[in-house]
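A.B. asks: Predicted model follows, preceded by the sequence.
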Amino acid sequence: MRQVGSDNNNTIMPRFSKAVSSLRSSEIRDLMTLASRPDIISFAGGMPGNELFPVQEIEDLFKGLDIKKKRIAFQYGPTPGLPSLLESLSGFLEKKGLPVHTNRLLITTGSQQGLNLLGKAFIDPHDPVLVENPCFIGALSAFRSYDAELKGIPVDRDGIVMEALQQKIDQKEKPKFLYITPYFHNPAGLLYSTERKEQLITALQGRDIPLIEDDAYGDLYFYEEDREQLKPIKAINPEGIEICYTGSFSKILGPGLRLGWMLVPEEIYQKCELIKQSADACSPSFTQVLADEFIRSGQIYSYIATVRQEYKRRANAMVAALREHLPDYVQWNEPRGGFYLWLTLPEETDATKIVQLAIEGGAVFVVGKTFDPAGKRNNSLRLSYCNNTPEQIAEGIPIVARAIRQVCG
Ligand SMILES: Cc1ncc(COP(=O)(O)O)c(C=O)c1O
């Protein structure tokens, strides 16, 4: 009999594909297992606040559904999404100025699936793919799983660094696409300036390099005056660039629904729909029905307004604690929305040493190299304030600051 994974000499190893053979569980994951102690204060996860979910509202919405809708919730649905949700979500996205009528909308199983579908649609093994450095880890792993050659481009306070991008665009081997997270970046927390978006549009126009614009956090702004800056590039709708816009219900309703979307040009939609058919046939009807009702009842708008305020309060608590406890040589952003704060430490610092000490002290975060496409640069770290109360933040940040001083002096 075939014995997979047994330790006798006749062990037969599964013959995995080349693309997935290089996927490894990282040391970060091992560290995180250590950090699952119940008494530890975690600034590690990018998770919405547990106690902020609209549990009662969703319960009431489900109870209020007629039997026909309840049955739809239990049934398979069309691959692109339930028509009713496609319609209500189109209205939600149209308010952001997105061109829902000249593009196609596809419901995905989280926006993570959207990134995966796009990766599968575009990437052949060793194809160059441009990403920001640092970059959202889920995007890195989705593109890695198709054996992409990831090319990291640094970011500054205003977005991707244009000179570095231009250099990569001009190279002989044309990149398959560029992936960016311009609105409350994960992990760097930054918000692209209007000027940088314009420069980016100019650089990509007519170059046949599609842009994947990931807008998972744009609704979670803290300041009204930033709204113009939050206008998606997809909404600017520049000619001569294929833009694949992805979004998610995860941060504005709950990641447990596993619902996201992509708004893409027709030909890309056609391919992604086919790929999705083979991946999961359809996204969960149950949560699609609930998300649809949440939008149609208007509660999505009041709910987002409430959580925005709460995340701002948490971000402010973290900023205050960092101001009080961090040494001057640490650089960091003051968040204007989203979930994250990014700390940059002196050049040679190894953030893994800091996190080990912090865990001993009772706090945890994610080290910088997790988000480096090359997996190396480690003089930075990500702190999330989203799933902690201001009190927990006030207690946890001194532990992080102490660990930094112990390592950096
Ligand atoms: C930038 C970004 N994009 C996409 C996702 C994926 O979210 P989901 O698959 O839950 O929609 C996340 C989750 O943390 C994220 O931070």
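C.D. replies: Arrived safely, thanks for sending. Residues are numbered from 1 along each chain as shown.
A.B. asks: Could you use CA atoms for every contact and neighbour count after this?
C.D. replies: Noted.
A.B. asks: who touches stretch 190-209?
C.D. replies: With CA atoms under 8 Å, 6 or more residues apart in numbering as the test, stretch 190-209 has contacts from 157-160, 162, 166, 174-178, 182-185, 229-230, 233, 238-242, 333, 335-336.
A.B. asks: Any part of it near the ligand?
C.D. replies: No - Stretch 190-209 stays clear of the ligand (CA under 6 Å from any ligand atom), getting no nearer than 11.6 Å.
A.B. asks: How far away from the center of its chain is that stretch?
C.D. replies: Remark: stretch 190-209 is offset 20 Å from the chain centroid, using CA atoms, centre = their mean, to the nearest Å.
A.B. asks: what does the average pLDDT come to for it?
C.D. replies: Per-residue pLDDT values over stretch 190-209 give a mean of 97.
A.B. asks: Could I have the CA atoms of it written out in CSV?
C.D. replies: Output of stretch 190-209 as CSV, limited to C-alpha atoms (Å, rounded to 0.1, in the frame of the first residue of the first chain):
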residue,chain,number,x,y,z
LEU,A,190,0.0,54.6,3.7
LEU,A,191,-2.5,56.4,1.5
TYR,A,192,-1.4,57.2,-2.1
SER,A,193,-1.3,60.9,-2.9
THR,A,194,-3.4,62.2,-5.8
GLU,A,195,-0.2,63.3,-7.6
ARG,A,196,1.4,59.8,-7.3
LYS,A,197,-1.8,58.2,-8.7
GLU,A,198,-1.6,60.6,-11.7
GLN,A,199,2.1,59.8,-12.2
LEU,A,200,1.3,56.1,-12.1
ILE,A,201,-1.5,56.5,-14.6
THR,A,202,0.9,58.3,-17.0
ALA,A,203,3.6,55.6,-16.5
LEU,A,204,1.2,52.7,-17.3
GLN,A,205,-0.8,54.2,-20.1
GLY,A,206,-0.4,52.3,-23.4
ARG,A,207,2.2,49.9,-21.9
ASP,A,208,-0.1,46.8,-21.8
ILE,A,209,0.7,46.1,-18.2
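A.B. asks: in that stretch, what's buried?
C.D. replies: Judged by neighbour count using 16 or more other CA atoms under 10 Å, the buried positions of stretch 190-209 are 190, 191, 192, 193, 194, 196, 197, 200, 201, 203, 204, 209.
A.B. asks: between these, which is nearest residue 370?
C.D. replies: Closest approach between the buried residues of stretch 190-209 and residue 370, by CA to CA: residue 190, at 17.5 Å.
A.B. asks: show me where this protein has strands.
C.D. replies: For the chain, the strands defined by DSSP state E cover 41-42, 104-108, 128-133, 149-156, 159-160, 178-180, 211-214, 243-248, 260-264, 331-332, 340-344, 363-364, 366-367, 380-384.
A.B. asks: JSON lines for those strands, including mean neighbour count?
C.D. replies: Compiled in JSON lines, those are given as follows (neighbours: other CA atoms under 10 Å):
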{"stretch": "strand 41-42", "mean neighbour count": "24"}
{"stretch": "strand 104-108", "mean neighbour count": "25"}
{"stretch": "strand 128-133", "mean neighbour count": "24"}
{"stretch": "strand 149-156", "mean neighbour count": "19"}
{"stretch": "strand 159-160", "mean neighbour count": "24"}
{"stretch": "strand 178-180", "mean neighbour count": "21"}
{"stretch": "strand 211-214", "mean neighbour count": "23"}
{"stretch": "strand 243-248", "mean neighbour count": "25"}
{"stretch": "strand 260-264", "mean neighbour count": "26"}
{"stretch": "strand 331-332", "mean neighbour count": "16"}
{"stretch": "strand 340-344", "mean neighbour count": "23"}
{"stretch": "strand 363-364", "mean neighbour count": "28"}
{"stretch": "strand 366-367", "mean neighbour count": "25"}
{"stretch": "strand 380-384", "mean neighbour count": "26"}
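A.B. asks: returning to that earlier point: just name the closest of the buried residues of stretch 190-209 to residue 79, please.
C.D. replies: residue 209 (27.0 Å).
A.B. asks: gap between the closest one and residue 45?
C.D. replies: 32 Å (CA to CA, to the nearest Å).
A.B. asks: and if you look at residue 228?
C.D. replies: For residue 228 relative to residue 45 (CA to CA), the value is 29 Å.
A.B. asks: Between those two, which is the more surrounded one?
C.D. replies: Higher neighbour count among residue 228 and residue 45: residue 45, with 18 against 10, using other CA atoms under 10 Å.
A.B. asks: Quick check, pLDDT for residue 155.
C.D. replies: As predicted, residue 155 sits at a pLDDT of 97.
A.B. asks: For the spatially closest residue to it that is not a sequence neighbour, give me the backbone phi and psi.
C.D. replies: Spatial nearest neighbour of residue 155, chain neighbours left out: residue 161 (5.2 Å); criterion: CA to CA, 6 or more residues apart in numbering. The phi and psi torsions at residue 161 (degrees, to the nearest 10) take the values phi -80, psi 120.
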